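Trainee: Turn this into a structure:
(4 chains)
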Protein chains: 2
Amino acid sequence: MDSGLPVKRTIADQVAELVRQRILTGELKGGQPIRQEHLAAELGVSRIPLREALKQLAAEGFVTITSHKGAVVAELSIQEVEELFDIRLKLETWLLQLAIPAMTERDLAALEKNVEEQRRPDILPRWGDVNWRFHEIMYLPANRPITLKLLKNIHDKIDRYLRLEVTMRSGFVRALREHDGLIAFCRSRDIPTAVALLERHIRDTARGLIASLKVQ
Amino acid sequence: MDSGLPVKRTIADQVAELVRQRILTGELKGGQPIRQEHLAAELGVSRIPLREALKQLAAEGFVTITSHKGAVVAELSIQEVEELFDIRLKLETWLLQLAIPAMTERDLAALEKNVEEQRRPDILPRWGDVNWRFHEIMYLPANRPITLKLLKNIHDKIDRYLRLEVTMRSGFVRALREHDGLIAFCRSRDIPTAVALLERHIRDTARGLIASLKVQ
DNA sequence: TAGATGTATATTGTATACAATTAGAAGCTA
DNA sequence: TAGCTTCTAATTGTATACAATATACATCTA
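Mentor: Below you'll find the predicted structure:
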C-alpha cells in the first residue's frame, strides 16, 4: 500500500516544489536570476539541496542553468508558447477520443463538481490548478499516465503566462461555457463534437494568450 | 555566436551524460541500483556532482530515486513502451506533415547520406543514434524544437530496449527499406503517402519490440 | 519457534569549507 | 577616449566531513 506521496520527503524535494510554485505563481519572474546563497539562506538550508532542486527544475524546463553563471527562471518566446499549444492540441484531442468511451458516471460527476468549483467567486487565484484538474479528470479514463504527466508539465509552463494575462477574465468566462459543453458531449458519447469543441477550446486559449503577449 | 554546446562543461553535466550513455547502451541495466560512493570513486569525482547528475536523470526519466534508498535504473513496462510509441505516432506524423513542404534539397541529401551510413557493415553498435538522426533530419524543417527534444527523449528510452531486441536484425532490414521509401515520398512532396508509411513504420517497430518483450 | 526489538553497518542526505570561474571596476596605453 | 590588461569581489562548482536513515542481523520475549 502506497499513499502515492514520498513517505519521507527530502529537503531537496521540498525546495524543488517550493521554487516551482514560486515560479508558477509569478513570485519568481521569468528571466530573474536565482542566487543560490541568498535563496538557501532565506529557506534556512544549505546550497547542496537547493542545487539538486535546481537541476531537477532545469530538466523540467522551469529554469535555465549556465555553468558558473547560475540559474535563471526560464522564459518562453511566443513561438515556444505556440509550439506548446500545438503539442497540447495533438495529445489532448487524442486522449479525449480514448477517454470518452471509457468514462463512467463517476467521472462525469467529478467533472461537474469541478466546474461548480470554478464558478465560486474566490476561484481566480487557484484557477490554474482547478482548470488543469478539469482536463486531467477528463483524460484519466484514457489510461495514459505518461502522456498525462507530460501534459501537466506543459500546462504548468503555460499557466504561468495565462495567470498574467489581462484578458484572463474574458477567457475565463468562455472556458466555463466550453467546459459545460465538453461534459455534455462526453455524456452523450459524441466523440467528434467533443473533440472539435476541445480543439476550438485550446486554439481559442492559445490565440488569446498569444495576442496579449504580442501587445507587450 | 554559440556552438550550441556548453563552453565549459561542469563535472555534474559530464557525469550525467556518461551515466545516461551507460544506461542507453545497457551497460547499466534496468532495475540495477546505483551506489553513489562506488560510482563516484570509479569516476574519480565526489558524490556531489554525481548526485546532481542523478537528479537530472531522474527528471528525464532514466533513473528512479527513492529517499534514503538511492537511485535505480528505470525500467519500462510493456504498457509504458506502448504508450511511448503512441506518443511518437501522434507527434512524428504531425511533424512530418509540417516538414515536407519546407524540405530543401540539402535536407533530402542529408537523409540519403544518413541511409548510406546505415548500410555500412559496422553500423549495428551505433544504429540507435544514426536511426534517430534520420528521423531528426526529417523533422527539423518543421521547426518545432521543443517537440523534437521531447521525441529524442522518448527515442532514447525506447532504443535501450530496441538494442536488446533479438529480432533487431530483421527490423533493421525493414527499417532501411522504409527509410528509402520515406525519402522518395518526401522528395515528391506526397504528404499523405509519406505520413502513412511513417505511421506503418512506427507501428511495425512497436509491434516487433512489444512481441519480443512479451516473450521474455 | 515466531515475532518483536535492539544494534551495527552501509548508504544516503546535508552542511561546511575551499577551489574555480566570472563580471566588473580600476588602471594603463596609444 | 577607446580599447586593453589586471585585479578584486561575488558567485558558482566540488570535495570533505558529518548527520540521518535504512537494512540486516542478532538478541530477547512470549
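
Trainee: who's in contact with A:Thr147?
Mentor: Listed by C-beta atoms under 8 Å, 6 or more residues apart in numbering or on different chains, the contact partners of A:Thr147 are A:Leu91, A:Leu95, A:Tyr139, B:Glu83, B:Asp86, B:Ile87. To be clear about C-beta, it is placed using only N, CA and C from the backbone, and glycine gets the same treatment.

Trainee: Narrow the residues you listed to those that are buried.
Mentor: A:Leu91, A:Leu95, A:Tyr139, B:Glu83, B:Asp86, B:Ile87 (16 or more other C-beta atoms under 10 Å in any protein chain shown).

Trainee: tell me which element the first one falls in.
Mentor: Following DSSP states H and E, the helix or strand that holds A:Leu91 is helix A:78-99.

Trainee: contacting residues around stretch A:115-128?
Mentor: By C-beta under 8 Å, 6+ apart, stretch A:115-128 touches A:24, A:130-131, A:134, A:155, A:159, A:162-163, A:168, A:172, A:176, A:179-180, A:183.

Trainee: Just the mean pLDDT for it, thanks.
Mentor: Averaged over stretch A:115-128, pLDDT sits at 87.

Trainee: just for chain A, where's the confidence low?
Mentor: For chain A, the stretches flagged by pLDDT under 70 are A:1-8, A:165-169, A:216.

Trainee: longest helix of it?
Mentor: Counting residues, the longest helix in chain A under DSSP state H turns out to be helix A:191-215.

Trainee: okay, now the residue nearest to A:Leu108 when sequence neighbours are not counted: neighbour count?
Mentor: Using C-beta to C-beta, 6 or more residues apart in numbering or on different chains and skipping the chain neighbours, the partner closest in space to A:Leu108 is A:Arg187 (5.5 Å). For A:Arg187, the neighbour count with other C-beta atoms under 10 Å in any protein chain shown is 16.

Trainee: repeat for A:Pro145
Mentor: Neighbour tally, A:Pro145, other C-beta under 10 Å: 12.

Trainee: same thing with A:Leu124?
Mentor: 12.

Trainee: gap between it and DNA strand C?
Mentor: 34 Å (C-beta to the nearest atom of the strand, to the nearest Å).

Trainee: Export the contacts of A:Thr147 to a markdown table and append columns for distance to A:Thr66.
Mentor: Putting these into a markdown table (distance: C-beta to C-beta, whole Å) gives the following:
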| residue | distance to A:Thr66 |
| --- | --- |
| A:Leu91 | 31 |
| A:Leu95 | 36 |
| A:Tyr139 | 36 |
| B:Glu83 | 34 |
| B:Asp86 | 35 |
| B:Ile87 | 30 |
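
Trainee: so the closest residue to chain B within chain A is in which element?
Mentor: Across chain A, the shortest distance to chain B (C-beta to the nearest C-beta) belongs to A:Ala59, at 3.4 Å. Per DSSP H and E, A:Ala59 falls inside helix A:47-60.

Trainee: Show me which positions of that helix end up buried.
Mentor: Here helix A:47-60 shows A:Pro49, A:Leu50, A:Arg51, A:Glu52, A:Ala53, A:Leu54, A:Lys55, A:Gln56, A:Leu57, A:Ala58, A:Ala59, A:Glu60 as buried, counting by 16+ other C-beta under 10 Å.
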